[in-house]
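Chemist: With the input below, show me the fold.
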Amino acid sequence: MDLFENMERENRRQHEPLAARMRPRNLSEYIGQEHFLGPGKLLRRLMDAKRLGSILLYGPPGTGKTTLAHLLAKHTGGAFKQLSAVTSGVKELREVLQWAHDEVGSGQPKPLLFIDEIHRFNRSQQDALLPDVEAGIISLIGATTSNPYFAVNGALLSRSQIFQLQPLSEEQVVRLLQRAIQDRERGLGRIPIEVEAGALEYLARICEGDARQALGALEVAVLSSSERPVPLTVSLAQESVQQKLIQFDPTGDQHYDMASALIKSIRGSDPDASLYWLARMLESGEDIRFLCRRLIILASEDIGNADPRALTITVSAMQACEFIGLPEAQLTLSQTVIYLACAPKSNSATVAIGLARKEVREGQLIPVPVHLRDGHYAGAEKLGNAKGYQYSHESADGVAAQDYLGVDRTFYSPTDRGYEASIAERLLKIREKLRSSRAAREQEITER
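Modeler: Got it, this is the predicted structure:
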């Protein structure tokens, strides 16, 4: 490399954002992900043995997926190529795979192919990688912010190790910011900076484990100030951070994770957690129809007859949301979520239909008892249909002492919570009466 190339590279580096300039140069500078990169952990062992195979790096933005891919190539000594699934097509993919064949054919170590946003490749593009992955021509490193179990072909998934990157802790982000402030070569070390207590902690907290966003905000804060030394205060940090970007994909796994958190919080009777997850989804642009559907399901699945009003209230909320729309519909959703969270809980209706359907699928099918069969058509009387049927409203308590199934089965077991406790008390008397009728009927058959 000649003098002019060095100067050009240095000039380009000067214009790179701080996050790019501070990219770790080796594993000792890499912060985070100790759960698979620490001493003796799986990825570190694979790296040290130079047997990477194919891996998928899954995690939110700013957790170091791209950086880690470059460090893996550097550590293992293999040639490195990078593609973006957003901008690359089949042509580019075939060219890189041919390059990999040439590398291996010439006796070079197995190259690493890094594909950023691999979930953006369609099924056929992902399938095109399979032969070379299976043959060991390339070590594939795929990076994705989407759950690979949803976004990556099963065949490719089964041939890859999955490593989930976690958001950096506040302490880890603060360490990165301090390193950037002190580094004179790549960071901001040539600019005098006075850091107010709490400023770096604020950036670490507001960026939620996204190192790239935190470093970007730090750079804006420092470069936008004309004072020397730069007074890096909490106020300046607040002005420099971008409006909070809530990561949410209405078609991806985060969509279902948020919905799961909302439903589980309501089921767990925590209105505060429920409101937080509702707010997260609303701020992210969630479809209120999806929210209403989920709440209606929950009203029956997790509350049921412990509070029968829950279903009525939730259906009314759906109608109100359709009528008024957002932003006012947030009030209706808030009221509904609070009510559902605080309502007594019962899943007995859910369990009951599950047991009944299992009986239908796996048990011997029970014929309809003759006295319950349809007796309204011509010829039904000759077949004996409806003979002996007792009209329930003619009984003093509205319960006719007759058998409705023909066998003794119990599917519904009410809880002692909320209104269902009253149902349980009444049902106990009803079942005693019905079973006495069945016992009398069985005795009658035996005496014949």
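
Chemist: quick one: low-confidence parts of the protein?
Modeler: 1-14, 242-253, 438-448 (pLDDT under 70).

Chemist: The closest residue to residue 395 other than its chain neighbours and residue 109: what is the separation?
Modeler: Nearest in space to residue 395, with sequence neighbours left out and distances taken as Cβ to Cβ, 6 or more residues apart in numbering, is residue 401 at 7.5 Å. All C-beta spots, glycine's among them, are computed from the backbone N, C-alpha and C. Note on residue 401: its distance to residue 109, by Cβ to Cβ, to the nearest Å, is 84 Å.

Chemist: When those two are compared, which one has more neighbours?
Modeler: More neighbours surround residue 401 than the other of residue 401 and residue 109, with 16 against 13 (other Cβ atoms under 10 Å).

Chemist: which SS state does the more buried one fall under?
Modeler: coil (DSSP: H, G, I helix; E, B strand; the rest coil).

Chemist: Could you tell me the phi and psi values at the residue lying closest to residue 156 once chain neighbours are set aside?
Modeler: Residue nearest to residue 156 in three dimensions, not counting chain neighbours: residue 126, with 5.3 Å by Cβ to Cβ, 6+ apart. With angles defined as degrees, to the nearest 10, residue 126 sits at phi -60, psi -40.

Chemist: For residue 126, list the residues it contacts.
Modeler: Neighbour list for residue 126: 118, 152, 153, 156 [criterion: Cβ atoms under 8 Å, 6 or more residues apart in numbering].

Chemist: One more pass at 7 Å, please.
Modeler: Taking Cβ atoms under 7 Å, 6 or more residues apart in numbering, we find residue 126 in contact with 152, 153, 156.

Chemist: Against residue 263, how distant is the spatially most central residue of the chain?
Modeler: In the chain, the centroid-proximal residue (Cα atoms, centre = their mean) is residue 257; its distance is 2.8 Å. Distance check for residue 257 against residue 263: by Cβ to Cβ, it reads 11 Å.

Chemist: what do you get for residue 379?
Modeler: Taking Cβ to Cβ, one finds residue 379 at 52 Å from residue 263.

Chemist: Please apply the same query to residue 56.
Modeler: Using Cβ to Cβ, residue 56 is found at 28 Å from residue 263.

Chemist: So those two - more neighbours on which side?
Modeler: Shown here are residue 56 and residue 263; by other Cβ under 10 Å, residue 56 has more neighbours (24 against 19).

Chemist: host element of the more buried one?
Modeler: Residue 56 is part of strand 55-58 when elements are defined by DSSP states H and E.

Chemist: Packing partners of the following helix or strand past that strand?
Modeler: Note on strand 55-58: by DSSP H and E, the next helix or strand toward the C-terminus is helix 65-76. Helices and strands touching helix 65-76, by 3 or more Cβ pairs under 7 Å, 6 or more residues apart in numbering; DSSP states H and E, are helix 42-48, strand 55-58, strand 112-116, strand 139-144.

Chemist: and stretch 274-281, how far from the chain's centre?
Modeler: Offset of stretch 274-281 from its chain centre (Cα atoms, centre = their mean, to the nearest Å): 14 Å.

Chemist: again with stretch 74-88
Modeler: 28 Å.

Chemist: In a helix, the residue nearest to the centre of the chain, correct?
Modeler: Yes: assigned with three-state DSSP, residue 257 falls within a helix.

Chemist: ok, now how distant is it from residue 271?
Modeler: Residue 257 sits 20 Å away from residue 271, taking Cβ to Cβ as the criterion.

Chemist: Equivalent analysis for residue 138, please.
Modeler: With the distance defined as Cβ to Cβ, residue 138 ends up 52 Å from residue 271.
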